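Colleague: I would like to see how this sequence folds:
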Amino acid sequence: MTTRVLFSLGNLSVLQWQDTELYGYPEPPSGMSLLDISREQFDSQVEPMWVVDGALTQTPPVFEIPGPTDAELAKTARDERGQLLSSICDPGVLMAQRALRMASTPEETAYAEGKISELDIYAEALLAIPDQAGFPQTIVWPEVPTK
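Modeller: Numbers count the residues shown, from 1 in each chain. Got it, this is the predicted structure:
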């Protein structure tokens, strides 16, 4: 007969101390497992305890939470880029084109053409984001043109 602990495979915490010399125990349910331990460990029954790398320990396990995948980062960046494009292309270009049509002086015409050019450059820079070195881990967002 033996002494053992029942522990969760999810968080590795000890759920029950078992002495099979004294009691009979059913097989562990799904998501749980058993670890044989020494009589000395059983007699101490310090709590809380975890099973890490097949050993009983008072040190809680460290679970690494994975970061987003490159595909997830790329999708997020493309979504943001799409939002930025739609926020300036339709209303921004339409306003600049309207200003160009309504311009009555050479200065107003030059100003409106400059705004259209700024929006074109910004849109091209947004479209080129996936081509940047380091994408999608590192993204340099273009500066939004002034209104």
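Colleague: After the helix or strand of the chain with the lowest mean pLDDT, which helix or strand is next? Please name it.
Modeller: Lowest by mean pLDDT, DSSP states H and E among the helices and strands of the chain is helix 70-102, with a mean of 80. Moving toward the C-terminus from helix 70-102, the next helix or strand (DSSP states H and E) is helix 106-127.
Colleague: which helices and strands sit right next to the least confident helix or strand of the chain?
Modeller: With contacts defined as 3 or more Cβ pairs under 8 Å, 6 or more residues apart in numbering; DSSP states H and E, the packing partners of helix 70-102 are helix 106-127. From N, CA and C alone the C-beta is placed, and that goes for glycine too.
Colleague: how near is Q58 to L34?
Modeller: In this view, Q58 and L34 are 19 Å apart by Cβ to Cβ, to the nearest Å.
Colleague: of those two, who's got more company?
Modeller: L34 (17 against 9; other Cβ atoms under 10 Å).
Colleague: Bridged to the closest residue to that one other than its chain neighbours, which residues?
Modeller: Closest residue in space to L34, ignoring its immediate chain neighbours: R4 at 5.0 Å, by Cβ to Cβ, 6 or more residues apart in numbering. As for beta bridges, R4 partners with Q18, D36 under DSSP bridges.
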